[in-house]
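**Q** Return atomic coordinates for the entry below.
(2 chains)
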Amino acid sequence: MSDTQGSTPPPAPSDEVQALLSVVFREEVGKVVGALLRILGNFAVAEEIVQDTLLLALERWPREGIPAQPGAWLMTVARHWAIDQLRRDARYRDKLVLLEHVVQESDDRLRLMFTCCHPALSRETQVILTLRTVCGLTIDQIAHAFLVSESAIARRLVRARQKIVQAGIPYRVPRDEELDERLSEVLSVLYLMFNEGYLTSTGDAPTRRDLAEDAAWLAGFLTRLYPREPEALGLLALMRLHLARANARFDAGGKLVLLSEQDRSRWDRQMIHEAGKLIEQAAALGRPGPYQVQAALVACHAEAES
Amino acid sequence: MKYLLLFCGRPEDLEAWQAMSEEERLQMRAKGAQWMAGYRAQIRWTGGLHLPHTVTSVHPGKEGQPLVTDGPFLEGTEVIGGFVELEVADLDEALQFAKAWTVGRAAHPVVEIWPMVEE
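**A** Sure, this is the predicted structure:
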């Protein structure tokens, strides 16, 4: 079990397969890590088992095609792997039975997000961990996004896992009285992740993955679970408003185009309209906050015809 | 999980403490005692420490001879004034304890939470 890809890296998949893998991983990986973590109770062990599973998927899927139920495939492989590796470990004896019939719980991924975004971890570590563990990015993809070496990212992840296990960072949804503070921590992580992806121009290397898309996806996930949290809605609206206009930000030569000179026909009007709805939905809850205000300001620009 | 909570302060925290009236200090001590009493079930042991100029360090010296020096080994002007060993479920609980302590603590307002190695 390690973070390196061993001596035989999988062949680089085509852009199309890569994009599909990203979507599938984003949708499924958090669920698998979350379920294993709930059963095993050890973040480092659960995470490493899933990373090994992902490497196998990265090797096989581009060759053999993505399975019809990718989530079930990942869960089955991870489960076998876990049973195999933990059979001889007395600490896990009782848990092996539970692994035989893993039931996914709907808030596995949510708990995982709260663990990865725990305030006892530095902001940068929170972002990297979330990308890795909840969204299933490879170390290579994270290293590209942050323009640092893979070994630096790998080292950070190892230390983060150790901290979670050794410092006893819990795997659970925070209690009601802590929820506001913890949720705002998660939103800060997503906002930073979004900006990291949005502000850096995206090249077309096959390993590239758009952090802004990942962040917006996570924000959407959060608002489905917390439809009455106005700041989560505000942040999602803000992200959508930026994404809706992303295509017009650069000209054919890759140079930044000022707002006043952007071709507004390239903006995604439908997405802008939906973001407006989110802002209204948030405002109706009567608890304004910085993300809602920013979203409202951006909406003024986005809804203008010129 | 077991945690060692170290109560730390900067020199100016200590000065502020020393500048207080005896009555204020008594009030602070009472608050501290109240905090300890509130968490009696989770606190395994506890202790207060004298000031850094009273500390002695023993180092492995050359040729197997231990070397004795005056003062703390850890550099820096921050001071550890006391410690508590806690046994609680997880870091969130330890954080609750620490947050309750930091409100209105004069001499050692900062709490470090060290997870302890358990066999």
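**Q** which stretches of the chain form strands?
**A** Here I'm looking at chain A. Defined through DSSP state E, the strands belonging to chain A form an empty list.
**Q** Chain B, not that one
**A** Under the criterion DSSP E, strands of chain B are mapped to B:2-9, B:43-48, B:56-59, B:67-70, B:79-87, B:110-115.
**Q** Put together JSON lines for those, with distance to chain A, mean neighbour count and mean pLDDT on each row.
**A** The way it works is simple: take the backbone N, C-alpha and C, and place the C-beta from them, glycine included. Formatted as JSON lines, the strands of chain B follow (distance: least, C-beta to the nearest C-beta, whole Å; neighbours: other C-beta atoms under 10 Å in any protein chain shown; pLDDT from 0 to 100):
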{"stretch": "strand B:2-9", "distance to chain A": "8", "mean neighbour count": "20", "mean pLDDT": "94"}
{"stretch": "strand B:43-48", "distance to chain A": "15", "mean neighbour count": "12", "mean pLDDT": "91"}
{"stretch": "strand B:56-59", "distance to chain A": "27", "mean neighbour count": "10", "mean pLDDT": "91"}
{"stretch": "strand B:67-70", "distance to chain A": "31", "mean neighbour count": "10", "mean pLDDT": "88"}
{"stretch": "strand B:79-87", "distance to chain A": "11", "mean neighbour count": "18", "mean pLDDT": "92"}
{"stretch": "strand B:110-115", "distance to chain A": "4", "mean neighbour count": "16", "mean pLDDT": "95"}
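**Q** would JSON lines of the ones you listed with distance to residue A:111 be doable?
**A** Putting the strands of chain B into JSON lines (distance: least, C-beta to C-beta, whole Å) gives the following:
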{"stretch": "strand B:2-9", "distance to residue A:111": "22"}
{"stretch": "strand B:43-48", "distance to residue A:111": "29"}
{"stretch": "strand B:56-59", "distance to residue A:111": "44"}
{"stretch": "strand B:67-70", "distance to residue A:111": "49"}
{"stretch": "strand B:79-87", "distance to residue A:111": "24"}
{"stretch": "strand B:110-115", "distance to residue A:111": "20"}
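**Q** Of those strands, which is nearest residue A:219?
**A** strand B:110-115 (30.6 Å; C-beta to C-beta).
**Q** any idea of the angle the closest one forms with strand B:2-9?
**A** Note on geometry: by axes from the mean of the first three to the mean of the last three C-alpha atoms, to 10 degrees, strand B:110-115 and strand B:2-9 are set 160 degrees apart in direction.
**Q** Please list the residues outside strand B:110-115 that contact it.
**A** Surrounding strand B:110-115, the residues in contact under the criterion C-beta atoms under 8 Å, 6 or more residues apart in numbering or on different chains are A:166-168, B:1-9, B:78, B:91, B:94-95, B:98, B:101-102.
**Q** Who are the packing partners of the top helix by length along chain B?
**A** The residue-count maximum for a helix in chain B (DSSP state H) belongs to helix B:22-38. In terms of contact count using 3 or more C-beta pairs under 8 Å, 6 or more residues apart in numbering or on different chains; DSSP states H and E, helix B:22-38 is assigned the packing partners helix B:91-102.
**Q** and the helix it packs on, what other elements does it pack with?
**A** If contacts are counted by 3+ C-beta pairs under 8 Å, 6+ apart, helix B:91-102 sits against strand B:2-9, helix B:22-38, strand B:110-115.
**Q** Averaging pLDDT per element, find the lowest-scoring helix or strand in chain A.
**A** Taking mean pLDDT, DSSP states H and E as the measure, helix A:93-100 is the helix or strand of chain A with the lowest mean score, a mean of 80.
**Q** Which neighbouring elements make contact with it?
**A** Right, helix A:93-100 is packed against helix A:15-40, helix A:70-86 by 3+ C-beta pairs under 8 Å, 6+ apart.
**Q** For that helix, list every residue counted as buried.
**A** Burial within helix A:93-100, assessed by neighbour count using 16 or more other C-beta atoms under 10 Å in any protein chain shown, is assigned to A:95, A:99.
**Q** Dump it to PDB, keeping only the CA atoms.
**A** Output for helix A:93-100, consisting of C-alpha atoms alone and laid out as PDB, is shown next (Å, rounded to 0.1, in the frame of the first residue of the first chain):
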ATOM      1  CA  ARG A  93     -11.600  -9.400  13.600                       C
ATOM      2  CA  ASP A  94     -15.100  -8.200  14.500                       C
ATOM      3  CA  LYS A  95     -15.200  -5.700  11.600                       C
ATOM      4  CA  LEU A  96     -14.500  -8.300   8.900                       C
ATOM      5  CA  VAL A  97     -18.000  -9.700   9.300                       C
ATOM      6  CA  LEU A  98     -19.400  -6.200   8.600                       C
ATOM      7  CA  LEU A  99     -17.300  -5.900   5.500                       C
ATOM      8  CA  GLU A 100     -19.000  -9.000   4.000                       C
END
